[in-house]
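J.: Sequence first, then the predicted structure, then my questions.
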Amino acid sequence: MICADRRHLVRTLADLAAQQGLELQSYLNAAPHKKAGHPAPVSSKGARSLLYDGEQVDAYLTGRPVPPIRSEDDDQEHEDDDLLDRREAAAVLGVAPRSWTTYKHHPLLTEHMVTVGGVEHWPRGIVHRYRDARPGRTAATGRPTGSGDQVPREQLLPRTAPLLDADPTITAADVVAALDVSRNTAQSALVRLRADRIADLVGARAELSPDEAAAALGYPPALARRATARAATVLRARAAAPYLSDVAAAAHRAGWTATGTVPDVQLPGDDRVVAALVLDGDQAPVPALVWDERYGWRTAASRRHPITRDAVPSSEGMRYLAGGITPPPNDVVAALTA
């Protein structure tokens, strides 16, 4: 812990070495900071980067008594300004230091994080504020019943991605605590991110299966099961993309779309590929086309909601087009103009 108003006194091992006219490695080899009587570091026990209080070090090196950093008689008014490293902050929350990697991405903590001697620290008062307001303190589910997500939908994946980068084994509960979203929202974001990254790795290394790619990325099997299944679907969607783009181009040449828009691909249930091509041209024969990897092309009666669950040929305004799963683009156009 770095006591309030003593940040300017903090010194690193490199600073101590320079103070004694030594190269850092020479200082580390001699290890004078480990000798009896040398001031203890202000870093938490077990910290990798050791920090020291300069006033104490100066007193020790000149043979004077080492003053305490804070005595019982000192004014405790500014304790909230004490700076805690990750181990100390994690202890306040009652979690393992490794878990702090997830929690620290909460906006309140990122806003007040400071780096001292190359080490991240957070004011004690801010950590207490986060702890006291943290989801899960008043409801068994981790959030008040009926409360909405505190992260806008468009920011969910960008905000979750750094958490997954920092900890491949992160759980939905960790994301709930860090971002104040529902468990289902957190789980969905993790599945999507893991699936995309698994698919990226398989795309780069074709010899890997999705399960092998998940293991290479450090995703535990229990947390990656849904993601590996979705990754296989993502890979099929990527493989189908050139074909779908060709059909969109054919529809544009026919005057059925204002631009050569790429079809909107969706992955319902994470296990199948479905794409919608809205036909917004004045001469379009139908409002939209939908491609399903199981059945091929069909028409849709709605431009706004072309993809419907369990569509059947008898549905109003909808019919399947003959020609197999991936008929040539010109055949799709011909089927609609016949």
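T.: Noted; the coordinates are in hand.
J.: Okay, strands next: where are they in this protein?
T.: Per DSSP state E, the chain carries strands over the ranges 10-12, 51-53, 83-84, 114-116, 119-123, 264-266, 274-278, 288-292, 296-300.
J.: Make CSV out of these and add mean pLDDT, distance to residue 70 and mean neighbour count.
T.: Every C-beta, even on glycine, is put in place using the N, C-alpha and C of the backbone. CSV is the format used below for the strands of the chain (pLDDT from 0 to 100; distance: least, CB to CB, whole Å; neighbours: other CB atoms under 10 Å):
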stretch, mean pLDDT, distance to residue 70, mean neighbour count
strand 10-12, 95, 15, 20
strand 51-53, 96, 10, 23
strand 83-84, 94, 13, 24
strand 114-116, 93, 17, 12
strand 119-123, 94, 16, 22
strand 264-266, 89, 59, 15
strand 274-278, 93, 64, 22
strand 288-292, 93, 68, 23
strand 296-300, 92, 70, 21
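J.: Switch the ones you listed over to a markdown table; also include distance to residue 25.
T.: Converted to a markdown table, those look like this (distance: least, CB to CB, whole Å):
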| stretch | distance to residue 25 |
| --- | --- |
| strand 10-12 | 14 |
| strand 51-53 | 18 |
| strand 83-84 | 28 |
| strand 114-116 | 23 |
| strand 119-123 | 20 |
| strand 264-266 | 55 |
| strand 274-278 | 60 |
| strand 288-292 | 63 |
| strand 296-300 | 68 |
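J.: just so I know, which of those lies nearest residue 38?
T.: Proximity to residue 38 (CB to CB) singles out strand 51-53 among the strands of the chain, at 8.8 Å.
J.: Determine the set of other helices and strands touching the closest one.
T.: Packed against strand 51-53 by the contact rule (3 or more CB pairs under 8 Å, 6 or more residues apart in numbering; DSSP states H and E) you find strand 10-12, helix 13-19.
J.: closest one to residue 35 among those?
T.: It's helix 13-19; of the helices and strands packed on strand 51-53, that one is closest to residue 35 (CB to CB) at 12.2 Å.
J.: what's residue 303 in contact with, if anything?
T.: By CB atoms under 8 Å, 6 or more residues apart in numbering, the residues touching residue 303 are 278, 279, 280, 287, 288.
J.: of the residues you listed, closest to residue 320?
T.: Within these, the smallest distance to residue 320 is 14.0 Å, found for residue 288 (CB to CB).
J.: So the closest one sits against residue 277, correct?
T.: Yes - assessed by CB atoms under 8 Å, residue 288 is found in contact with residue 277 at 6.3 Å.
J.: And the strands of the chain: which comes nearest residue 206?
T.: Residue 206 lies closest, by CB to CB, to one member of the strands of the chain: strand 264-266, at 21.5 Å.
J.: Paired strands for the closest one, with orientation please.
T.: Looking at strand 264-266 with DSSP bridges, its partner strands are strand 274-278 (antiparallel).
J.: neighbouring contacts of the partner strand?
T.: The contact list for strand 274-278 (CB under 8 Å, 6+ apart) reads 240, 244, 247-248, 251, 257, 261, 263-268, 287-293, 300, 303, 306-307.
J.: Recalculate using a threshold of 7 Å.
T.: The list of residues contacting strand 274-278 from outside it, by CB atoms under 7 Å, 6 or more residues apart in numbering, reads 244, 247-248, 251, 263-266, 268, 288-292, 303, 306-307.
J.: Over to stretch 2-19?
T.: 23-24, 27-28, 33, 42, 50-55, 57, 69-70, 78-79, 81-83, 116-118, 121.
J.: so how far is the longest helix belonging to the chain from its chain's centroid?
T.: Longest helix of the chain, by residue count under DSSP state H: helix 221-253. Mean C-alpha position of helix 221-253 versus that of the full chain (CA atoms, centre = their mean, to the nearest Å) differs by 22 Å.
J.: Between strand 274-278 and that helix, find me the angle.
T.: Angle between the axes of helix 221-253 and strand 274-278 is 30 degrees (criterion: axes from the mean of the first three to the mean of the last three CA atoms, to 10 degrees).
J.: what angle do helix 221-253 and strand 288-292 make?
T.: 140 degrees.
J.: For helix 221-253, name the packing helices and strands.
T.: Contact analysis of helix 221-253 by 3 or more CB pairs under 7 Å, 6 or more residues apart in numbering; DSSP states H and E lists helix 183-204, helix 210-216, strand 274-278, helix 329-337 as its packing neighbours.
J.: what's the average pLDDT for it?
T.: Averaged over helix 221-253, pLDDT sits at 93.
J.: Next, count neighbours for residue 118.
T.: 9 (other CB atoms under 10 Å).
J.: ugh, typo on my part, it should be residue 131
T.: Residue 131 has 15 nearby residues by other CB under 10 Å.
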